[in-house]
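A.B. asks: Okay, sequence plus prediction incoming.
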Amino acid sequence: QVQLVESGGGLVQAGGSLRLSCAVSGGALSWYAMGWFRQAPGKEREFVAAISRSGSVADYAGSVKGRFTIFRDNVKNTVYLQMKSLKSEDTDVYYCAASTRLGDFDASRLAEEYEYWGQGTQVTVSS
C-alpha cells in the first residue's frame, strides 16, 4: 500500500520561505510522477507544481512560477516543494500526489491523473 506523508508546513511571515517534504513509502518514488496541490476550506483543489517520473520535466502554476521549486530525491524516496517569497495568498493546505499513469516525461496539472494522495500539511503566511 502506497503512502504519502507531507511535512514541513507551518506559520511563516510574508516574504519568508518554507520547504515541504513528501515521503513515499510502499513503493519506489521512481515509479511515480508527482504533484503538489493546495486547497483552502470551501474551495476547489488547485494545482501548484508537478514533476515527471524522470525528474527532467517540471510544471508550475502561474501564481507560483519563479517562487516555488519542485524537486525529487529518488534515493530518499522524497519529493520536495521549496517555497520562497511567500505571500498571504499562499496560505492553504498543501497535498502531494503520486501517479503511475503518466509517462516518464509527463508532469500533469490534473488532479484526476493522480491515484495516491497525502493527508496534507498546513501552510499559513502572515502579512
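C.D. replies: Okay, I see it.

A.B. asks: Show me what the closest residue to Thr78 other than its chain neighbours is bridged to.
C.D. replies: Closest residue in space to Thr78, ignoring its immediate chain neighbours: Ala23 at 5.1 Å, by Cβ to Cβ, 6 or more residues apart in numbering. The way it works is simple: take the backbone N, C-alpha and C, and place the C-beta from them, glycine included. In this structure, Ala23 bridges to Val5, Thr78 when assessed by DSSP bridges.

A.B. asks: For Ala23, which residues are in contact?
C.D. replies: With contact taken as Cβ atoms under 8 Å, 6 or more residues apart in numbering, Ala23 is in contact with 4-5, 7, 76-78.

A.B. asks: any idea how far Ser127 is from the residue most central in space within the chain?
C.D. replies: A centroid search over the chain (Cα atoms, centre = their mean) returns Trp36, at 2.3 Å, as the residue closest to the centre. Trp36 is 22 Å from Ser127, where distance means Cβ to Cβ, to the nearest Å.

A.B. asks: Repeat that for Thr100.
C.D. replies: Taken as Cβ to Cβ, the span from Thr100 to Ser127 is 40 Å.
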